[in-house]
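Colleague: Following is a predicted model, sequence given first.
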Amino acid sequence: MPAKTAEEKQIERQWMILHELDRQSRATKGVTKQELADLCGVSKRTIDRDMIDLSLSRFPVWCQQEGRVKTWRLQEGYQLEFPPVELNPAECLSLILAEEALTFLAGTPHYRSFCRAMGKIRQAIPPDNDRLITKVSQAFAFRFPHLKDAKRVSPMIEQAQQAVTRQQRLQLTYRSAGSGETTSRQIDPYGIYYANNALRLVGYCHLRQGIREFNFDGRMIEVELLEERFEKQADFDLLAYSDTGFGGVRNQTPVEAVVQVGPPVSRWVREQDLKDLSQTVELGDDWIELHFQTDGQEGLLRQVLAWGSRARVVGSAVFKQAFETEVHQMYQQQD
């Protein structure tokens, strides 16, 4: 989708201002310039210009002052006509869930845009429905992790998103989580996705000569948009790619693993939809045998280690060796 022009943004913003003025006027109160600036994500000076434009367009925008506080509203008796948006409780809950689910992007332009969109929806909702949303939000709680260091990485996300949509190459300075090594590399960005509490950029890495992914967190140091364009690999599918690996970790070579777990871990496992689980065998005494086929060996290894003494690895030879090596190294670290 092409970026909006300045004129389109202005029209959208002024329409939002009219919605808010109309809503506050119906509630027999006004709205301050700062409140409008916060709603629209612009400066108070921009709001001043918008108010002049609206007045010149013959919208009856009035300013009133009580003490030192100035508020804006529409002329008494004037109301904009908007078609009401009727929502049932289930639809209200869906809106609240969507709003909470995106809180991990708090502090980024994407979240601010979403909040403005939600503001528009609320402005088109009759008061009874608006009260229903508030009531439902107080009855349900959703907790999603926030994007770490959002203020710092926000410009990087914007540049990466622009690069993805324009198929424009990126210069990336990145620190490896494993080795701690900092490298500068050129990336053909294919997409951005969220999984396992992390926002990730995936694309073709010219340094490693293959598909790699990079977390937008403390490891992402600098992003620069380059002039070069690229063609995405025809067989690359972002949705299919994001569904591979285990725990957000992937290896180049798929492995098989057979793990036996006992209570209480086995009871927890039965309730989960574990990734890359191909077969489950009941063993008795509340133990079960789990068969995995995954290209995320390291991620699966972390999970099995977290199960502690209630897990034993019985196959394959490759995964069992990796597990035993990790356990041995953990034991040595205690000395």
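Modeller: Yep, it's here.
Colleague: Please count neighbours and contacts with C-alpha atoms only from this point.
Modeller: Will do.
Colleague: what are the ranges of the strands in the stretch 1-150 of the chain?
Modeller: Ranges of strands in the stretch 1-150 of the chain, per DSSP state E, counting those that start in this stretch, are 61-66, 69-74.
Colleague: buried sites along the first one?
Modeller: By 16 or more other C-alpha atoms under 10 Å, the buried positions in strand 61-66 come out as Val61.
Colleague: what angle do it and strand 69-74 make?
Modeller: Interaxial angle of strand 61-66 relative to strand 69-74 (axes from the mean of the first three to the mean of the last three C-alpha atoms, to 10 degrees): 150 degrees.
Colleague: Give the pairing partners of strand 61-66; include direction for each.
Modeller: The pairing partners recorded for strand 61-66 under DSSP bridges are strand 69-74 (antiparallel).
Colleague: Contacts for the partner strand, please.
Modeller: 21-22, 24-25, 29-33, 59-65 (C-alpha atoms under 8 Å, 6 or more residues apart in numbering).
Colleague: Alpha carbons of it, as CSV, please.
Modeller: The C-alpha trace of strand 69-74 is given here as CSV (Å, rounded to 0.1, in the frame of the first residue of the first chain):
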residue,chain,number,x,y,z
VAL,A,69,-8.6,26.6,30.2
LYS,A,70,-9.7,26.9,26.6
THR,A,71,-11.8,24.2,25.0
TRP,A,72,-13.2,23.7,21.5
ARG,A,73,-16.6,22.4,20.5
LEU,A,74,-19.2,22.7,17.7
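Colleague: buried stuff in it?
Modeller: Those would be 71-74, for strand 69-74 by 16+ other C-alpha under 10 Å.
Colleague: from the chain's centre, how far out does it sit?
Modeller: In terms of C-alpha atoms, centre = their mean, to the nearest Å, the centre of strand 69-74 is found 36 Å from the chain centre.
Colleague: so for it, what's the average pLDDT?
Modeller: Averaged across strand 69-74, pLDDT comes to 87.
Colleague: that older thread, and of the contacts of strand 69-74, the nearest to Gly218?
Modeller: Closest approach to Gly218 among the contacts of strand 69-74 (C-alpha to C-alpha): Lys33, at 36.7 Å.
Colleague: My guess is the closest one contacts Ser43. True?
Modeller: No - the pair Lys33 / Ser43 is not scored as a contact, 9.2 Å apart, by C-alpha atoms under 8 Å.
Colleague: The two: which has the busier surroundings?
Modeller: More neighbours surround Lys33 than the other of Lys33 and Ser43, with 20 against 13 (other C-alpha atoms under 10 Å).
Colleague: Need the nearest residue in space to the more buried one, chain neighbours excluded.
Modeller: Nearest non-adjacent residue to Lys33, counting by C-alpha to C-alpha, 6 or more residues apart in numbering: Lys44, 6.2 Å away.
Colleague: how many neighbours does that neighbour have?
Modeller: Look at Lys44: counted by other C-alpha under 10 Å, it has 17 neighbours.
Colleague: ok, now the one 3 residues further on?
Modeller: Look at Ile47: counted by other C-alpha under 10 Å, it has 19 neighbours.
Colleague: Poorly predicted segments of the stretch 51-200 of the chain, please.
Modeller: By pLDDT under 70, the low-scoring segments of the stretch 51-200 of the chain are 81-85, 107, 109, 120, 122-130, 142, 144-145, 178, 196.
Colleague: One more pass at 80, please.
Modeller: For the stretch 51-200 of the chain, the stretches with pLDDT under 80 are 77-151, 177-180, 195-198.
Colleague: Run through the strands of the stretch 151-300 of the chain in chain order.
Modeller: Counting by DSSP E, counting those that start in this stretch, the stretch 151-300 of the chain has strands at residues 168-175, 182-195, 198-205, 210-215, 220-229, 255-261, 277-284, 287-294.
Colleague: Just checking the distance from the second one to the centre of its chain.
Modeller: Same thing as strand 182-195. Mean-position distance between strand 182-195 and its chain equals 16 Å (C-alpha atoms, centre = their mean).
Colleague: and this protein, what are its domains?
Modeller: What automatic domain parsing lists as the domains of the chain is 6-74, 89-139, 150-242, 255-333.
Colleague: Throw those into JSON lines and include distance to Leu80, thanks.
Modeller: As requested, those are exported to JSON lines (distance: least, C-alpha to C-alpha, whole Å):
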{"stretch": "domain 6-74", "distance to Leu80": "6"}
{"stretch": "domain 89-139", "distance to Leu80": "11"}
{"stretch": "domain 150-242", "distance to Leu80": "35"}
{"stretch": "domain 255-333", "distance to Leu80": "50"}
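Colleague: mind putting the strands of the stretch 1-150 of the chain in CSV, distance to Val202 included?
Modeller: Output for those, formatted as CSV (distance: least, C-alpha to C-alpha, whole Å):
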stretch, distance to Val202
strand 61-66, 48
strand 69-74, 47
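Colleague: Could you say which one of the strands of the stretch 151-300 of the chain comes nearest to Asp48?
Modeller: The nearest among the strands of the stretch 151-300 of the chain, by C-alpha to C-alpha, is strand 220-229 at 34.2 Å.
Colleague: Direction-wise, compare the closest one with strand 182-195 and give the angle.
Modeller: Using the same axes, to 10 degrees: strand 220-229 against strand 182-195 is 90 degrees.
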